Each structure stands twice: as structure tokens, then as C-alpha cells.
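> One predicted model, sequence on top.
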Amino acid sequence: MAQALRDGGVRLTRQRAALLRVLDAAQDHPDAAELHRRAQEIDDTVSLATVYRTLSVLEREGVVHRHSFENGGARFEIADPSHHDHIVDVDSGEIIEFHNDRIEEIQRRIAAEMGYEIVHHRLELYCRKIRGSEG
């Protein structure tokens, strides 16, 4: 991520380094305000403007993905070379990553039947936990 900032013409400041640490450690899909809060725990001089500018550069460089889930504003995650989709719990707002080979194959088949090859796609399932379900 540090190299992506440099490639994007942005200096790696102490504040940006704090944000990179937060992004690297994130196991969820935080929004900019949450990233700002976490980064300030490391360096209290990190501004929200720095968070937004840094995220913009990282997104442009393909290092961070921005998601606009229906349950709120933009959420961010480090770009993962392995594809995954998302389930959004409509009650709790939790975002769960998953991968399913059957779904991927069906999507490839549909595209091929229509004369296309998939270049990129996103699948978001908006779900509610079934009462009594543990999984």
C-alpha cells in the first residue's frame, strides 16, 4: 500500500502510515469515519481529510476496494486477489465474505451463453438471519 501511495504521487506521512496499519489490520469493512477513529488511536493527528485523500489514491491505484452497500455509505477493504462475494445482514449491518464455486460457474455459463466473458462482477446478498439458525 505504501508503494501504491508513492506511485499515486502521495508522500507516506506518519498519519498515512497509521491509516495503512488500520487498513491492513481490518477484518471488517469499515467506513471512512471508522477508519479515521481507528487511525486516531495510533496517531491522534490523523484528520478525516487525510483519510479521504488517502483512500481515494489507494482506490485509484487498485489497492483498496470501495463498496457501496445498500445499508449505508461507502465501506472499504484491501483488494484481495482471490474473488469473494458479500452477504449483508440487513438487521445487524454485518458484512460477511464468502466464495461459492457453483455460483461462479453459473455466472460464467450465463455470460458465455449470451456471448460474453466476465471481466469483473460483484454479488451482494441482503439477508436476514433465520430464527434458530446457528450458521
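In hand now; what should we look at?

> Just name whatever secondary elements the helix or strand bottoming out on mean pLDDT in the chain is in contact with.
Lowest on mean pLDDT, DSSP states H and E among the helices and strands of the chain sits helix 2-7, with a mean of 80. Contacts defined by 3 or more C-beta pairs under 8 Å, 6 or more residues apart in numbering; DSSP states H and E place helix 2-7 against helix 14-25, helix 48-60. Placement of C-beta: from N, CA and C, glycine included.

> wait, which of these is closest to S92?
Across the helices and strands packed on helix 2-7, S92 has its closest neighbour in helix 14-25 (21.5 Å, C-beta to C-beta).

> what comes up buried for the following helix or strand past that closest one?
Of the helices and strands lying after helix 14-25 in sequence (DSSP states H and E), the nearest is helix 32-42. Along helix 32-42, these residues count as buried under the neighbour rule (16 or more other C-beta atoms under 10 Å): 32, 34-36, 38-40.

> and of the residues you listed, the nearest to A2?
Using C-beta to C-beta, the buried residues of helix 32-42 come closest to A2 at A39, 14.8 Å.

> So for the least confident helix or strand of the chain, what gets flagged as buried?
For helix 2-7, using 16+ other C-beta under 10 Å, the buried residues are 4-5.

> correct me, but E117 touches I110?
No. In this structure, E117 is not within contact of I110 by C-beta atoms under 8 Å, at 11.5 Å.

> if you count what's nearby, which of these two comes out ahead?
I110 (11 against 7; other C-beta atoms under 10 Å).

> host element of the more buried one?
In the assignment (DSSP H and E), I110 maps to helix 101-113.

> Residues contacting the least confident helix or strand of the chain, please?
Outside of helix 2-7, the residues within contact range by C-beta atoms under 8 Å, 6 or more residues apart in numbering are 11-12, 16-17, 20, 54, 57-58, 61-63.

> hmm, try it at 7 Å
When contacts are defined by C-beta atoms under 7 Å, 6 or more residues apart in numbering, helix 2-7 is touched by residues 12, 16, 20, 57-58, 61, 63.

> mind giving me the domain ranges of the chain?
2-78, 85-127 (automatic domain parsing).
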